[in-house]
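Q: test case, fold it:
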Amino acid sequence: WTTGFPILLSIMTSISRKPMRSCVNRKMYRYREEKTTGQIEKVLDRSKPNNKRAHGFMHLLIEDKTNYLLSKPYTLTCEESEEYLSMVQDTLGKNFQNRRLMRLGVSASNGGIAWLHPYIDEQGKFQTMIIPPEQGIPLWRDNDHEELNGFIWFYNVQVIEGQEQKTVTKVEYWLPEAVAYYVSDSEGEGWDLRLDSERYLDAVADENSEFMEHFHIGKEAGNWGRIPFVPFKNNDYELPDLKFVKSLIDGYDKARSDVANFLDEVRSIVYALKGYGGHDLGEFMRDLNYFRAISLDEDGGAEAITAPVDIAAAKDDFDTLRKDIYDFGQGVDKNSDKLGNSPSGIALKFVYSGLDLKCNRMENAFKAGMEQLFGFVDKYLELIGAGSYQGCEINIVFNRDIAINESQAITDCAASKGIISDETIIKNHPWVEDAAEELERLKAQQEAEKAELSDTGRSVRRPCTRPERCKSTNTLPVWKKPLIRRVENSRRP
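A: Residues are numbered from 1 along each chain as shown. Take a look at the predicted model:
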(Lines give C-alpha, C1' and ligand atoms only; values in the text may rest on other atoms or scores of the structure.)
Protein backbone atom coordinates (compact mmCIF):
# COMPACT_ATOMS: atom_id res chain seq x y z
CA TRP A 1 0.00 0.00 0.00
CA THR A 2 1.31 3.40 -0.93
CA THR A 3 0.62 6.43 1.15
CA GLY A 4 -2.65 8.09 0.26
CA PHE A 5 -2.05 11.46 1.88
CA PRO A 6 -0.80 13.39 -1.21
CA ILE A 7 -3.54 11.93 -3.43
CA LEU A 8 -6.24 12.64 -0.86
CA LEU A 9 -5.03 16.19 -0.27
CA SER A 10 -5.07 17.03 -3.97
CA ILE A 11 -8.59 15.62 -4.39
CA MET A 12 -10.05 17.40 -1.37
CA THR A 13 -8.58 20.77 -2.26
CA SER A 14 -9.75 20.53 -5.89
CA ILE A 15 -13.42 20.12 -5.01
CA SER A 16 -15.48 23.28 -5.12
CA ARG A 17 -18.98 23.27 -3.71
CA LYS A 18 -21.38 25.87 -5.02
CA PRO A 19 -24.65 26.46 -3.24
CA MET A 20 -27.74 25.75 -5.32
CA ARG A 21 -29.52 28.92 -6.35
CA SER A 22 -33.25 29.19 -5.85
CA CYS A 23 -35.84 31.78 -6.71
CA VAL A 24 -37.12 31.75 -3.14
CA ASN A 25 -33.90 33.45 -2.03
CA ARG A 26 -34.50 36.55 -4.08
CA LYS A 27 -34.65 40.03 -2.55
CA MET A 28 -36.34 43.24 -3.63
CA TYR A 29 -34.14 46.29 -4.27
CA ARG A 30 -34.71 49.87 -5.30
CA TYR A 31 -32.26 52.37 -6.76
CA ARG A 32 -31.69 55.83 -5.36
CA GLU A 33 -29.33 58.66 -6.06
CA GLU A 34 -26.85 59.58 -3.38
CA LYS A 35 -27.20 63.35 -2.91
CA THR A 36 -23.64 63.96 -1.84
CA THR A 37 -21.89 61.99 -4.59
CA GLY A 38 -24.60 61.87 -7.27
CA GLN A 39 -24.05 58.11 -7.74
CA ILE A 40 -26.85 55.57 -8.15
CA GLU A 41 -26.81 52.90 -5.45
CA LYS A 42 -28.88 49.76 -4.89
CA VAL A 43 -30.78 49.65 -1.60
CA LEU A 44 -32.73 46.74 -0.14
CA ASP A 45 -36.43 47.65 -0.29
CA ARG A 46 -38.31 46.03 2.57
CA SER A 47 -41.55 47.86 1.85
CA LYS A 48 -42.19 46.08 -1.44
CA PRO A 49 -44.16 42.80 -1.36
CA ASN A 50 -41.80 39.85 -1.69
CA ASN A 51 -43.78 36.63 -1.58
CA LYS A 52 -41.71 33.44 -1.76
CA ARG A 53 -44.05 30.62 -2.66
CA ALA A 54 -42.17 27.35 -3.03
CA HIS A 55 -44.15 24.34 -4.23
CA GLY A 56 -43.15 20.79 -3.33
CA PHE A 57 -43.27 19.22 -6.79
CA MET A 58 -40.05 17.30 -6.25
CA HIS A 59 -41.32 15.85 -2.99
CA LEU A 60 -44.40 14.48 -4.77
CA LEU A 61 -42.46 13.17 -7.77
CA ILE A 62 -39.87 11.36 -5.63
CA GLU A 63 -42.41 9.97 -3.17
CA ASP A 64 -44.53 8.63 -6.04
CA LYS A 65 -41.52 6.94 -7.64
CA THR A 66 -40.07 5.34 -4.51
CA ASN A 67 -43.43 4.13 -3.22
CA TYR A 68 -44.40 2.83 -6.66
CA LEU A 69 -41.19 0.81 -7.04
CA LEU A 70 -39.93 0.03 -3.54
CA SER A 71 -42.85 0.12 -1.08
CA LYS A 72 -44.07 -3.46 -1.62
CA PRO A 73 -41.88 -6.33 -0.34
CA TYR A 74 -39.40 -7.54 -2.93
CA THR A 75 -39.10 -11.23 -3.83
CA LEU A 76 -35.82 -13.14 -3.51
CA THR A 77 -35.40 -16.57 -5.11
CA CYS A 78 -32.46 -18.96 -5.29
CA GLU A 79 -32.68 -22.20 -7.26
CA GLU A 80 -29.42 -23.63 -5.91
CA SER A 81 -30.01 -23.45 -2.14
CA GLU A 82 -32.99 -22.45 0.00
CA GLU A 83 -30.75 -22.55 3.06
CA TYR A 84 -28.44 -19.94 1.56
CA LEU A 85 -31.42 -17.73 0.68
CA SER A 86 -32.69 -17.93 4.25
CA MET A 87 -29.27 -16.97 5.66
CA VAL A 88 -29.03 -13.95 3.32
CA GLN A 89 -32.46 -12.75 4.41
CA ASP A 90 -31.59 -13.19 8.08
CA THR A 91 -28.28 -11.34 7.60
CA LEU A 92 -29.93 -8.34 5.94
CA GLY A 93 -32.72 -8.28 8.52
CA LYS A 94 -36.49 -8.01 8.29
CA ASN A 95 -36.49 -4.20 8.17
CA PHE A 96 -33.92 -3.82 5.40
CA GLN A 97 -36.54 -2.73 2.87
CA ASN A 98 -38.17 -0.05 5.04
CA ARG A 99 -35.04 1.18 6.82
CA ARG A 100 -32.58 0.99 3.95
CA LEU A 101 -34.04 0.38 0.49
CA MET A 102 -36.74 3.07 0.62
CA ARG A 103 -34.25 5.63 1.94
CA LEU A 104 -31.75 4.63 -0.73
CA GLY A 105 -34.41 5.33 -3.36
CA VAL A 106 -35.06 8.81 -1.99
CA SER A 107 -31.34 9.55 -1.62
CA ALA A 108 -30.55 8.38 -5.16
CA SER A 109 -33.42 10.42 -6.59
CA ASN A 110 -32.17 13.57 -4.87
CA GLY A 111 -28.44 13.09 -5.44
CA GLY A 112 -28.18 10.94 -8.56
CA ILE A 113 -26.38 8.15 -6.70
CA ALA A 114 -26.67 6.80 -3.16
CA TRP A 115 -24.09 4.77 -1.25
CA LEU A 116 -24.59 1.82 1.09
CA HIS A 117 -21.68 1.02 3.40
CA PRO A 118 -21.56 -2.59 4.68
CA TYR A 119 -19.54 -3.11 7.86
CA ILE A 120 -19.12 -5.45 10.81
CA ASP A 121 -19.96 -3.95 14.19
CA GLU A 122 -18.29 -4.53 17.53
CA GLN A 123 -20.49 -7.57 18.24
CA GLY A 124 -19.40 -9.19 14.97
CA LYS A 125 -22.76 -8.69 13.22
CA PHE A 126 -23.25 -7.59 9.62
CA GLN A 127 -24.63 -4.05 9.38
CA THR A 128 -25.25 -1.45 6.66
CA MET A 129 -25.18 2.33 6.66
CA ILE A 130 -26.47 4.84 4.10
CA ILE A 131 -23.94 7.47 3.02
CA PRO A 132 -25.44 10.73 1.66
CA PRO A 133 -24.34 11.51 -1.91
CA GLU A 134 -22.69 14.77 -0.90
CA GLN A 135 -20.38 12.97 1.55
CA GLY A 136 -18.81 10.55 -0.92
CA ILE A 137 -16.16 10.92 -3.62
CA PRO A 138 -15.88 7.76 -5.74
CA LEU A 139 -12.63 6.96 -7.52
CA TRP A 140 -13.83 4.89 -10.47
CA ARG A 141 -11.68 2.36 -12.25
CA ASP A 142 -13.54 2.50 -15.57
CA ASN A 143 -15.55 5.01 -17.59
CA ASP A 144 -18.74 2.99 -17.14
CA HIS A 145 -18.54 3.51 -13.37
CA GLU A 146 -18.88 -0.16 -12.50
CA GLU A 147 -15.77 -0.78 -10.37
CA LEU A 148 -14.07 1.34 -7.73
CA ASN A 149 -10.37 1.92 -7.18
CA GLY A 150 -10.98 3.85 -4.00
CA PHE A 151 -13.55 5.87 -2.07
CA ILE A 152 -13.30 9.03 0.02
CA TRP A 153 -15.88 9.51 2.73
CA PHE A 154 -15.89 12.83 4.58
CA TYR A 155 -18.34 14.17 7.14
CA ASN A 156 -18.51 16.89 9.79
CA VAL A 157 -18.68 16.22 13.52
CA GLN A 158 -19.01 18.53 16.50
CA VAL A 159 -16.17 18.33 19.03
CA ILE A 160 -15.43 20.19 22.24
CA GLU A 161 -11.92 21.47 22.84
CA GLY A 162 -11.50 23.15 26.19
CA GLN A 163 -14.60 25.29 26.60
CA GLU A 164 -15.28 25.79 22.91
CA GLN A 165 -17.33 23.74 20.49
CA LYS A 166 -16.17 23.58 16.91
CA THR A 167 -16.72 21.63 13.72
CA VAL A 168 -14.08 19.28 12.35
CA THR A 169 -14.13 17.20 9.18
CA LYS A 170 -13.46 13.48 9.39
CA VAL A 171 -12.02 11.95 6.21
CA GLU A 172 -11.78 8.22 5.47
CA TYR A 173 -9.80 6.97 2.48
CA TRP A 174 -10.86 3.43 1.54
CA LEU A 175 -8.91 1.03 -0.67
CA PRO A 176 -9.80 -2.60 -1.56
CA GLU A 177 -7.62 -3.98 1.26
CA ALA A 178 -7.10 -1.09 3.69
CA VAL A 179 -8.41 2.20 5.04
CA ALA A 180 -6.81 5.36 6.41
CA TYR A 181 -8.42 7.93 8.71
CA TYR A 182 -7.75 11.68 8.67
CA VAL A 183 -9.13 14.80 10.29
CA SER A 184 -9.25 18.43 9.15
CA ASP A 185 -10.13 21.73 10.82
CA SER A 186 -10.57 23.67 7.57
CA GLU A 187 -14.32 22.84 7.20
CA GLY A 188 -13.95 20.49 4.26
CA GLU A 189 -11.25 22.34 2.32
CA GLY A 190 -8.69 19.70 3.27
CA TRP A 191 -5.52 21.81 3.27
CA ASP A 192 -4.68 20.82 6.89
CA LEU A 193 -5.30 17.06 6.69
CA ARG A 194 -3.59 15.00 9.36
CA LEU A 195 -3.97 11.48 10.72
CA ASP A 196 -6.88 10.96 13.09
CA SER A 197 -5.02 9.81 16.20
CA GLU A 198 -8.19 8.60 17.92
CA ARG A 199 -8.72 5.87 15.31
CA TYR A 200 -5.18 4.55 15.66
CA LEU A 201 -5.06 4.14 19.43
CA ASP A 202 -6.11 0.48 19.53
CA ALA A 203 -5.78 -0.31 15.83
CA VAL A 204 -3.33 -2.72 14.26
CA ALA A 205 -1.47 -0.87 11.52
CA ASP A 206 1.91 -0.87 9.88
CA GLU A 207 4.31 1.55 11.54
CA ASN A 208 5.48 2.77 8.13
CA SER A 209 1.98 3.32 6.72
CA GLU A 210 -1.20 5.02 7.82
CA PHE A 211 -3.40 2.23 6.42
CA MET A 212 -5.17 -0.35 8.57
CA GLU A 213 -7.55 -3.29 8.10
CA HIS A 214 -11.24 -2.85 7.26
CA PHE A 215 -12.73 -4.61 10.30
CA HIS A 216 -12.15 -6.86 13.29
CA ILE A 217 -14.04 -10.01 14.27
CA GLY A 218 -12.97 -10.68 17.81
CA LYS A 219 -9.21 -10.25 17.79
CA GLU A 220 -8.84 -11.15 14.12
CA ALA A 221 -8.42 -8.29 11.63
CA GLY A 222 -9.58 -8.64 8.05
CA ASN A 223 -10.64 -6.85 4.89
CA TRP A 224 -13.38 -7.25 2.33
CA GLY A 225 -11.07 -7.54 -0.67
CA ARG A 226 -13.08 -4.79 -2.39
CA ILE A 227 -14.28 -1.26 -1.68
CA PRO A 228 -17.09 -1.60 0.91
CA PHE A 229 -19.29 1.04 -0.65
CA VAL A 230 -22.14 -0.14 -2.88
CA PRO A 231 -23.52 2.37 -5.43
CA PHE A 232 -27.28 2.59 -5.92
CA LYS A 233 -27.73 4.78 -8.97
CA ASN A 234 -30.82 6.77 -9.89
CA ASN A 235 -30.26 6.17 -13.61
CA ASP A 236 -27.50 5.40 -16.08
CA TYR A 237 -26.41 9.06 -16.09
CA GLU A 238 -26.20 9.28 -12.27
CA LEU A 239 -28.30 12.44 -12.46
CA PRO A 240 -30.92 13.53 -9.89
CA ASP A 241 -34.55 13.91 -10.88
CA LEU A 242 -34.38 17.64 -10.22
CA LYS A 243 -31.95 18.08 -13.13
CA PHE A 244 -34.74 17.71 -15.71
CA VAL A 245 -37.40 19.97 -14.14
CA LYS A 246 -35.54 22.53 -12.02
CA SER A 247 -36.06 25.45 -14.42
CA LEU A 248 -39.75 24.59 -14.77
CA ILE A 249 -40.31 24.43 -11.01
CA ASP A 250 -38.37 27.68 -10.53
CA GLY A 251 -40.51 29.30 -13.22
CA TYR A 252 -43.69 28.09 -11.54
CA ASP A 253 -42.57 29.35 -8.12
CA LYS A 254 -41.50 32.71 -9.55
CA ALA A 255 -44.73 33.18 -11.50
CA ARG A 256 -46.92 32.37 -8.51
CA SER A 257 -44.85 34.66 -6.29
CA ASP A 258 -45.02 37.52 -8.82
CA VAL A 259 -48.81 37.24 -9.06
CA ALA A 260 -49.03 37.28 -5.27
CA ASN A 261 -46.83 40.39 -5.17
CA PHE A 262 -49.00 42.04 -7.80
CA LEU A 263 -52.18 41.28 -5.87
CA ASP A 264 -50.63 42.72 -2.72
CA GLU A 265 -49.75 45.91 -4.56
CA VAL A 266 -53.21 46.18 -6.11
CA ARG A 267 -54.77 46.24 -2.67
CA SER A 268 -52.97 49.54 -2.09
CA ILE A 269 -55.13 52.05 -3.97
CA VAL A 270 -53.38 54.81 -5.90
CA TYR A 271 -54.93 58.28 -5.55
CA ALA A 272 -54.73 61.00 -8.18
CA LEU A 273 -54.91 64.35 -6.40
CA LYS A 274 -55.79 67.71 -7.88
CA GLY A 275 -55.73 70.90 -5.86
CA TYR A 276 -54.66 69.25 -2.60
CA GLY A 277 -54.65 71.75 0.22
CA GLY A 278 -52.07 70.01 2.42
CA HIS A 279 -48.30 70.21 2.51
CA ASP A 280 -47.08 66.70 1.56
CA LEU A 281 -48.33 63.22 0.75
CA GLY A 282 -47.54 61.95 4.25
CA GLU A 283 -50.00 64.44 5.69
CA PHE A 284 -52.57 63.32 3.07
CA MET A 285 -52.31 59.63 4.10
CA ARG A 286 -52.49 60.48 7.81
CA ASP A 287 -55.62 62.58 7.31
CA LEU A 288 -57.18 59.86 5.16
CA ASN A 289 -56.53 57.09 7.65
CA TYR A 290 -57.51 59.08 10.73
CA PHE A 291 -60.29 61.42 9.63
CA ARG A 292 -61.44 59.44 6.56
CA ALA A 293 -61.44 62.83 4.82
CA ILE A 294 -58.99 65.08 3.00
CA SER A 295 -58.73 68.82 2.53
CA LEU A 296 -58.95 70.08 -1.07
CA ASP A 297 -58.94 73.47 -2.78
CA GLU A 298 -62.00 74.89 -4.58
CA ASP A 299 -61.13 73.24 -7.91
CA GLY A 300 -59.50 70.21 -6.32
CA GLY A 301 -60.42 66.56 -6.56
CA ALA A 302 -59.26 63.05 -5.62
CA GLU A 303 -59.66 59.94 -7.75
CA ALA A 304 -58.80 56.34 -6.84
CA ILE A 305 -56.96 54.42 -9.55
CA THR A 306 -56.92 50.61 -9.62
CA ALA A 307 -55.06 48.35 -12.07
CA PRO A 308 -56.91 45.41 -13.66
CA VAL A 309 -55.58 41.89 -12.98
CA ASP A 310 -55.66 39.33 -15.81
CA ILE A 311 -56.17 36.24 -13.68
CA ALA A 312 -57.20 34.04 -16.61
CA ALA A 313 -53.89 34.50 -18.44
CA ALA A 314 -51.92 33.82 -15.26
CA LYS A 315 -53.95 30.68 -14.57
CA ASP A 316 -53.31 29.38 -18.09
CA ASP A 317 -49.58 29.89 -17.58
CA PHE A 318 -49.72 28.05 -14.24
CA ASP A 319 -51.57 25.09 -15.76
CA THR A 320 -49.10 24.87 -18.64
CA LEU A 321 -46.11 24.91 -16.29
CA ARG A 322 -47.71 22.29 -14.05
CA LYS A 323 -48.34 19.99 -17.01
CA ASP A 324 -44.76 20.41 -18.22
CA ILE A 325 -43.39 19.58 -14.77
CA TYR A 326 -45.25 16.28 -14.66
CA ASP A 327 -44.52 15.47 -18.31
CA PHE A 328 -40.77 16.07 -18.19
CA GLY A 329 -40.52 14.83 -14.61
CA GLN A 330 -42.25 11.60 -15.73
CA GLY A 331 -44.73 11.74 -12.89
CA VAL A 332 -48.46 11.19 -12.47
CA ASP A 333 -50.66 14.25 -12.06
CA LYS A 334 -53.58 13.16 -9.87
CA ASN A 335 -55.58 16.22 -10.90
CA SER A 336 -55.30 15.43 -14.60
CA ASP A 337 -58.49 15.12 -16.64
CA LYS A 338 -57.12 11.92 -18.19
CA LEU A 339 -57.86 9.93 -15.04
CA GLY A 340 -61.58 10.64 -14.81
CA ASN A 341 -63.83 9.12 -12.16
CA SER A 342 -63.16 5.42 -12.85
CA PRO A 343 -60.30 4.97 -15.33
CA SER A 344 -59.91 1.68 -17.14
CA GLY A 345 -56.80 -0.47 -17.10
CA ILE A 346 -55.64 0.86 -20.47
CA ALA A 347 -56.07 4.47 -19.34
CA LEU A 348 -54.08 3.81 -16.15
CA LYS A 349 -51.26 2.19 -18.12
CA PHE A 350 -51.13 5.25 -20.38
CA VAL A 351 -51.05 7.65 -17.42
CA TYR A 352 -48.35 5.63 -15.63
CA SER A 353 -46.24 5.06 -18.75
CA GLY A 354 -43.77 7.86 -17.94
CA LEU A 355 -43.38 6.71 -14.34
CA ASP A 356 -42.80 3.14 -15.55
CA LEU A 357 -39.98 4.25 -17.84
CA LYS A 358 -38.31 6.22 -15.06
CA CYS A 359 -38.63 3.32 -12.62
CA ASN A 360 -37.18 0.86 -15.16
CA ARG A 361 -33.84 2.68 -15.07
CA MET A 362 -33.78 2.81 -11.28
CA GLU A 363 -34.81 -0.84 -11.02
CA ASN A 364 -31.94 -2.00 -13.24
CA ALA A 365 -29.44 0.07 -11.25
CA PHE A 366 -30.79 -1.14 -7.89
CA LYS A 367 -30.62 -4.78 -9.00
CA ALA A 368 -26.94 -4.27 -9.79
CA GLY A 369 -26.45 -2.70 -6.36
CA MET A 370 -28.21 -5.58 -4.61
CA GLU A 371 -25.99 -8.09 -6.44
CA GLN A 372 -22.90 -6.32 -5.10
CA LEU A 373 -24.42 -6.29 -1.61
CA PHE A 374 -25.00 -10.06 -1.80
CA GLY A 375 -21.26 -10.40 -2.49
CA PHE A 376 -20.46 -8.76 0.86
CA VAL A 377 -23.00 -11.03 2.57
CA ASP A 378 -21.25 -14.06 1.03
CA LYS A 379 -17.92 -12.83 2.40
CA TYR A 380 -19.44 -12.35 5.85
CA LEU A 381 -20.93 -15.87 5.85
CA GLU A 382 -17.47 -17.26 5.06
CA LEU A 383 -15.90 -15.25 7.88
CA ILE A 384 -18.32 -16.57 10.51
CA GLY A 385 -17.95 -20.15 9.24
CA ALA A 386 -21.44 -20.52 7.74
CA GLY A 387 -20.06 -21.96 4.50
CA SER A 388 -19.12 -20.81 1.01
CA TYR A 389 -21.91 -19.98 -1.42
CA GLN A 390 -19.98 -18.30 -4.20
CA GLY A 391 -21.74 -20.33 -6.92
CA CYS A 392 -25.26 -19.54 -5.71
CA GLU A 393 -27.17 -16.80 -7.49
CA ILE A 394 -30.06 -14.84 -6.00
CA ASN A 395 -32.69 -13.32 -8.25
CA ILE A 396 -34.53 -10.24 -7.01
CA VAL A 397 -37.88 -8.99 -8.25
CA PHE A 398 -39.20 -5.57 -7.24
CA ASN A 399 -42.98 -5.81 -6.92
CA ARG A 400 -44.43 -2.51 -8.05
CA ASP A 401 -47.43 -0.94 -6.38
CA ILE A 402 -49.42 -0.65 -9.61
CA ALA A 403 -52.67 1.31 -9.61
CA ILE A 404 -55.42 -0.79 -11.17
CA ASN A 405 -59.18 -0.80 -11.56
CA GLU A 406 -60.06 -3.47 -8.99
CA SER A 407 -63.55 -4.20 -10.33
CA GLN A 408 -62.22 -4.79 -13.82
CA ALA A 409 -59.31 -6.91 -12.50
CA ILE A 410 -61.66 -9.12 -10.46
CA THR A 411 -63.96 -9.57 -13.46
CA ASP A 412 -60.99 -10.55 -15.63
CA CYS A 413 -59.83 -13.08 -13.02
CA ALA A 414 -63.29 -14.67 -12.89
CA ALA A 415 -63.49 -14.83 -16.69
CA SER A 416 -60.06 -16.53 -16.86
CA LYS A 417 -61.26 -19.52 -14.82
CA GLY A 418 -60.58 -22.69 -16.80
CA ILE A 419 -58.33 -20.91 -19.31
CA ILE A 420 -55.27 -20.43 -17.11
CA SER A 421 -54.21 -22.07 -13.86
CA ASP A 422 -55.74 -21.09 -10.53
CA GLU A 423 -52.30 -20.13 -9.24
CA THR A 424 -51.87 -17.52 -11.99
CA ILE A 425 -55.35 -16.16 -11.29
CA ILE A 426 -54.64 -15.86 -7.57
CA LYS A 427 -51.30 -14.12 -8.18
CA ASN A 428 -53.05 -11.47 -10.31
CA HIS A 429 -56.03 -10.95 -8.01
CA PRO A 430 -55.91 -7.41 -6.50
CA TRP A 431 -56.89 -8.57 -3.00
CA VAL A 432 -54.13 -11.18 -2.68
CA GLU A 433 -50.85 -10.06 -1.11
CA ASP A 434 -49.12 -13.45 -0.68
CA ALA A 435 -50.06 -15.90 -3.43
CA ALA A 436 -48.44 -18.93 -1.76
CA GLU A 437 -50.23 -18.32 1.52
CA GLU A 438 -53.54 -17.78 -0.29
CA LEU A 439 -53.13 -21.08 -2.17
CA GLU A 440 -52.61 -22.89 1.13
CA ARG A 441 -55.73 -21.29 2.57
CA LEU A 442 -57.76 -22.20 -0.51
CA LYS A 443 -56.55 -25.81 -0.37
CA ALA A 444 -57.48 -26.10 3.32
CA GLN A 445 -60.89 -24.58 2.61
CA GLN A 446 -61.61 -27.04 -0.21
CA GLU A 447 -60.61 -30.01 1.96
CA ALA A 448 -62.90 -28.80 4.76
CA GLU A 449 -65.82 -28.43 2.34
CA LYS A 450 -65.29 -31.96 0.99
CA ALA A 451 -65.23 -33.39 4.51
CA GLU A 452 -68.46 -31.56 5.38
CA LEU A 453 -70.24 -32.85 2.26
CA SER A 454 -69.21 -36.42 2.96
CA ASP A 455 -70.57 -36.16 6.51
CA THR A 456 -73.95 -34.73 5.47
CA GLY A 457 -74.40 -37.18 2.56
CA ARG A 458 -73.88 -40.29 4.70
CA SER A 459 -77.26 -42.02 5.55
CA VAL A 460 -77.87 -44.06 8.72
CA ARG A 461 -80.72 -46.72 8.69
CA ARG A 462 -82.42 -47.67 11.96
CA PRO A 463 -84.07 -51.06 12.48
CA CYS A 464 -87.88 -51.06 12.12
CA THR A 465 -89.85 -52.34 15.16
CA ARG A 466 -93.21 -52.65 13.25
CA PRO A 467 -92.57 -54.43 9.94
CA GLU A 468 -96.22 -54.28 8.77
CA ARG A 469 -96.30 -50.48 9.03
CA CYS A 470 -92.89 -50.04 7.45
CA LYS A 471 -93.94 -52.19 4.52
CA SER A 472 -97.11 -50.17 3.87
CA THR A 473 -95.61 -46.76 4.22
CA ASN A 474 -92.44 -47.42 2.24
CA THR A 475 -94.14 -48.60 -0.93
CA LEU A 476 -94.45 -45.05 -2.27
CA PRO A 477 -91.94 -42.20 -2.49
CA VAL A 478 -91.78 -39.87 0.46
CA TRP A 479 -92.93 -36.82 -1.49
CA LYS A 480 -96.23 -38.54 -2.47
CA LYS A 481 -97.30 -39.56 1.06
CA PRO A 482 -98.98 -36.27 2.07
CA LEU A 483 -100.99 -36.22 -1.18
CA ILE A 484 -102.31 -39.73 -0.56
CA ARG A 485 -103.31 -38.80 3.00
CA ARG A 486 -105.26 -35.81 1.75
CA VAL A 487 -107.08 -37.96 -0.83
CA GLU A 488 -107.94 -40.62 1.71
CA ASN A 489 -109.17 -38.02 4.20
CA SER A 490 -111.42 -36.45 1.60
CA ARG A 491 -113.29 -39.71 0.95
CA ARG A 492 -114.31 -40.12 4.61
CA PRO A 493 -117.95 -39.32 5.41
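Q: all contacts plus neighbour counts: C-alpha atoms, from now on.
A: Fine.
Q: ok, the residue nearest to the spatial centre of the chain - contacts?
A: Taking C-alpha atoms, centre = their mean as the criterion, T66 is the residue nearest the geometric centre of the chain, at 3.5 Å. Remark: with contacts taken as C-alpha atoms under 8 Å, 6 or more residues apart in numbering, T66 is in contact with 102, 105-106.
Q: give the helix, strand or coil label for it.
A: When classified by DSSP: H, G, I helix; E, B strand; the rest coil, T66 comes out as helix.
Q: and it, how far from A260?
A: Taking C-alpha to C-alpha, to the nearest Å as the measure, T66 falls 33 Å from A260.
Q: before we move on, what about P308?
A: Taken as C-alpha to C-alpha, the span from P308 to A260 is 14 Å.
Q: looking at the two, which is more packed in?
A: Between P308 and A260, counted using other C-alpha atoms under 10 Å, A260 has the larger neighbour count: 17 against 7.
Q: okay, now the unreliable bits of the stretch 101-250 of the chain?
A: Along the stretch 101-250 of the chain, segments meeting pLDDT under 70 span 187-191, 202-208.
Q: what are the ranges of the helices in it?
A: With DSSP state H, counting those that start in this stretch, the ranges of helices along the stretch 101-250 of the chain come out as 102-111, 246-267.
Q: quick one: closest of these to F374.
A: Evaluated with C-alpha to C-alpha, the helices of the stretch 101-250 of the chain place helix 102-111 nearest to F374, the distance being 16.2 Å.
Q: mind giving me the packing neighbours of the closest one?
A: Under the contact definition 3 or more C-alpha pairs under 8 Å, 6 or more residues apart in numbering; DSSP states H and E, helix 102-111 sits against helix 57-70, strand 113-120, strand 230-233.
Q: deepest in the core, which of the ones you listed is it.
A: strand 230-233 (a mean of 26; mean count of other C-alpha atoms under 10 Å).
Q: distance of L242 from T411?
A: Here L242 is placed at a distance of 40 Å from T411 (C-alpha to C-alpha).
Q: quick one: the strand or helix carrying L355 to chain centroid distance?
A: Counting by DSSP states H and E, the element that carries L355 is helix 353-383. From the chain centre to the centre of helix 353-383 is a distance of 16 Å (C-alpha atoms, centre = their mean, to the nearest Å).
Q: and H279, what pLDDT?
A: We have a pLDDT of 61 for H279.
Q: which non-adjacent residue is nearest K358?
A: In this structure, K358 finds its nearest non-sequential neighbour in Q330, 6.7 Å apart by C-alpha to C-alpha, 6 or more residues apart in numbering.
Q: secondary structure class of that neighbour, three-state.
A: Applying three-state DSSP: Q330 is coil.
Q: surely it is in contact with L355?
A: Yes - contact criterion C-alpha atoms under 8 Å: Q330 and L355 qualify, at 5.2 Å.
Q: note down every partner strand of the strand ranked longest in the chain and its orientation.
A: The longest strand of the chain (DSSP state E) is strand 148-161. Neighbouring strands of strand 148-161 in its sheet, by DSSP bridges, are strand 136-140 (antiparallel), strand 164-175 (antiparallel).
Q: contacts for the helix or strand harbouring K323?
A: Assigned by DSSP H and E, K323 falls within helix 311-328. With C-alpha under 8 Å, 6+ apart as the test, helix 311-328 has contacts from 57, 244-245, 248-249, 251-252, 255-256, 259, 332-333, 354.
Q: what's the answer for stretch 438-450, then?
A: Here stretch 438-450 has contacts from 423, 426, 432, using C-alpha under 8 Å, 6+ apart.
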